[in-house]
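S.K.: any chance you can model this:
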Amino acid sequence: MVHVVQSKEDFEQQLSNAGDKLIVIDFCANWCGPCKLIAPKLEELAAQYAERAVVLKVNVDDNEDITTEYNISSMPTFVFIKSGELLEVFVGGNPDKLCKSMEKHVGDADEPDEQPLAQQVSASSGSAGSGNTMCDDDEIDEDDAGDLNDDVPLDLPHPTINDERVLEN
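M.R.: Okay, the predicted model is just below:
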């Protein structure tokens with residue numbers, strides 16, 4: 001289940017309650033097209049990995065303090081944290097990249113014999129590319145997924161709003 005963050009206090013409580021689970025933070029906005037397109041895939045992944053991951057949705061317009069703390073300037077931005085360590089940040093509505101990142105980071109389980117679900121499904125079906133994983137799901141058309149933001153260099157200047165609400169470059 002995806003938890004919609006209501007406030008800074010709610011956010012901090014969710015981080016605290018996560019324990020050793022992977023935390024995935026989706027910084028989004030109601031008006032963001034790619035955010036809306038990737039939301040169903042995020043819901044699926046949250047359900048799939050519910051035992052090993054906590055998925056938080058932070059609306060940037062409603063939670064400016066959290067958005068500022070994480071230096072978010074583009075949506076959607078996905079932040080992956082585990083045991084207090086920042087593992088990955090990526091910008092863009094790429095469902096394949098989201099799926100692979102979640103598989104990679106929840107797969108870092110303490111038990112050495114534990115495999116990510118996608119590998120378990122592939123092994124049980126007898127072929128590696130059987131199309132039986134969440135990552136192989138073609139529910140979202142890649143052409144419509146807003147992958148123009150994929151691999152955007154984070155060192156490019158982004159427009160920001162200063163304290164007087166004036167857009168700056």
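S.K.: other SSEs contacting the longest helix seen in the chain?
M.R.: Taking DSSP state H as the criterion, the chain has its longest helix at helix 33-48. Helices and strands touching helix 33-48, by 3 or more Cβ pairs under 8 Å, 6 or more residues apart in numbering; DSSP states H and E, are strand 2-4, strand 22-28, strand 53-59, helix 95-106. To be clear about C-beta, it is placed using only N, CA and C from the backbone, and glycine gets the same treatment.
S.K.: could you check the angle helix 95-106 makes with the one helix or strand Glu88 maps to?
M.R.: Here Glu88 sits within strand 85-91, counting by DSSP states H and E. Going by axes from the mean of the first three to the mean of the last three Cα atoms, to 10 degrees, strand 85-91 is angled at 180 degrees with respect to helix 95-106.
S.K.: strand 85-91 pairs with which strands?
M.R.: strand 77-82 (antiparallel) (DSSP bridges).
S.K.: neighbouring contacts of the partner strand?
M.R.: 15, 20-27, 70, 86-91, 98, 101-102, 105, 108 (Cβ atoms under 8 Å, 6 or more residues apart in numbering).
S.K.: okay if I get the helices and strands packed on helix 33-48 as CSV plus mean pLDDT?
M.R.: Shown next, in CSV, are the helices and strands packed on helix 33-48 (pLDDT from 0 to 100):
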stretch, mean pLDDT
strand 2-4, 97
strand 22-28, 98
strand 53-59, 98
helix 95-106, 96
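S.K.: pick the most deeply packed of the ones you listed.
M.R.: Counting by mean count of other Cβ atoms under 10 Å, strand 22-28 has the highest mean neighbour count of the helices and strands packed on helix 33-48, with a mean of 24.
S.K.: contacts for that strand, please.
M.R.: For strand 22-28, using Cβ under 8 Å, 6+ apart, the contacting residues are 2, 14-15, 35, 39, 42, 45-46, 49, 52-60, 67, 70, 72, 75-82, 87, 102, 105-106, 108.
S.K.: in whatever helix or strand Gln13 lives in, what counts as buried?
M.R.: Gln13 belongs to helix 8-17 when assigned by DSSP H and E. The neighbour-count check on helix 8-17 (16 or more other Cβ atoms under 10 Å) flags 10-11, 14-15 as buried.
S.K.: let me see the mean pLDDT of stretch 40-47.
M.R.: Averaging pLDDT along stretch 40-47 yields 97.
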